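Trainee: got a predicted model here, sequence first, then my questions.
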Amino acid sequence: MDLGIDLAVIGGTGLYQLAELEDVEPHQPVTRYGALSGPVRVGTLDGRRVAFLARHGEGHSVPPHRVNYRANLAALQALGARQVLALNTVGGITERFGPRVLACPDQLIDYTWGRVSTFSEEEGSDLLHIDFGDPYTPALRRRVLDAAAAAGVMLVDGGCYGATQGPRLETRAEIVRLRRDGCDLVGMTGMPEASLARELGLDYACLAIVANWAAGAGPQVDEVITFQHVLDNVAAASSGIPPLLRALLAA
C-alpha cells in the first residue's frame, strides 16, 4: 500500500505525536516481523504526505530493548516511505551537547546486545553486507541541516551517538568510557534502527534531542536525572522541530 509518503518521522521518548499533521489516518500494516510499536499515523503537513510512528508506543509502553525495529521500518517502507527522520531523546556527554540542544549526529557506536539487528536473521533470507561507514545518509543529513538553517533553528552539526541497551540510565564510569571512545551523545534506540534502515535502502538521519546531561557530565556532576526532567527538556527543545520539518519538506 504505497501512500506516496514524502517523509516518515519516528518519535522517541516524549514525542508521541506530531500535532501539526492534518487529515490524519492510522495504518498498521502486517509485516512478517511481527507487531509494530503502534499505529503509523499518516497525514499532511503543508500539503506533503508525512507518516509518524511513536517508537515506544503512544503510551510509552515499549522499552528500548523490546522495540520491534524491523517491523517498524518494514511497515514504513510498505506504506511508501523512502526517507526517515528519527527523533531520538538522548543525554549529552561533551560540551556542545547540553540539555535542550538539537543535534544531527554523523557517527555512532553500538553498545547494545541481544537485539535482532538484521533482516538476514531468518533462514533463507538474503545475506546483507551493508556499507555502514557513514551510518546516517549524508545527503539527508545535509538537507536536515540546510532546513534548520532556513527555519532559523539552532542545530549542532555532527557528533557521535553511543547506543546503549537501557532501559536503565548509564553509570558514571560507563559515561567516562563512552567519552573516551569518542561519543558525544548517549541514547538507547539509535541501533539497530539505523542499520536496518540501510538494509532496506531507506535514507535515514537522526535528529537528537538532548534531554539531560549524562551521568557525571555537565556542570552539576551529582545531578539526579528524573523522567519528568527529561520530558520537560524534550518539550522545550521540540519547539524547533515543526518549523524544521516544514523547511525540510519545502526544500
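Mentor: Arrived safely, thanks for sending. Residues are numbered from 1 along each chain as shown.

Trainee: okay, helices next: where are they in the stretch 1-150 of the chain?
Mentor: 69-78, 138-151 (DSSP state H, counting those that start in this stretch).

Trainee: contact partners for the nearest residue to Ala103 once chain neighbours are set aside?
Mentor: Leaving aside its sequence neighbours, Ala103 sits nearest to Val156 (CB to CB, 6 or more residues apart in numbering; 4.0 Å). Quick note: C-beta positions are derived from backbone N, CA and C, even for glycine. Neighbour list for Val156: Arg96, Phe97, Val101, Leu102, Ala103, Cys104 [criterion: CB atoms under 8 Å, 6 or more residues apart in numbering].

Trainee: just the residues you listed now: which is nearest Gly59?
Mentor: Proximity of these to Gly59 (CB to CB) peaks at Leu102, which lies at 25.0 Å.

Trainee: neighbours of the closest residue to the closest one other than its chain neighbours, how many?
Mentor: Leaving aside its chain neighbours, Leu102 sits nearest to Leu155 (5.0 Å; criterion: CB to CB, 6+ apart). Per other CB atoms under 10 Å, the neighbour tally for Leu155 reads 19.

Trainee: Leu155 and Arg96: what is the separation?
Mentor: 11 Å (CB to CB, to the nearest Å).

Trainee: distance of Met188 relative to Ile5?
Mentor: 26 Å.

Trainee: do the same with Glu25
Mentor: For Glu25 relative to Ile5 (CB to CB), the value is 12 Å.

Trainee: ok, Val156 next?
Mentor: 27 Å.

Trainee: who touches stretch 38-45?
Mentor: In contact with stretch 38-45 (CB under 8 Å, 6+ apart) are residues 3, 5, 8, 17-18, 20-29, 49-54, 57-58, 75-76, 79, 245-246, 249.

Trainee: and these, which are buried?
Mentor: Those of the contacts of stretch 38-45 that meet the buried threshold are 5, 8, 18, 20-21, 24, 27, 49-54, 57, 75-76, 79, 245-246, 249, by 16 or more other CB atoms under 10 Å.

Trainee: from Arg179, how far off is the residue sitting nearest the centre point of the chain?
Mentor: Of all residues in the chain, the one closest to the mean position by CA atoms, centre = their mean is Ala86, 3.0 Å from it. Using CB to CB, one gets 23 Å for the distance from Ala86 to Arg179.

Trainee: cool, and Leu196?
Mentor: Distance from Leu196 to Arg179, by CB to CB: 27 Å.

Trainee: which one's more surrounded, these two?
Mentor: Taking neighbours as other CB under 10 Å, Leu196 and Arg179 compare with Leu196 leading, 23 against 17.

Trainee: distance between the helix or strand of the chain with the lowest mean pLDDT and the chain's centre?
Mentor: Every helix and strand of the chain was ranked by mean pLDDT, DSSP states H and E. The lowest is helix 227-237, at a mean of 83. Centre-to-centre, helix 227-237 and its host chain are 16 Å apart (CA atoms, centre = their mean, to the nearest Å).
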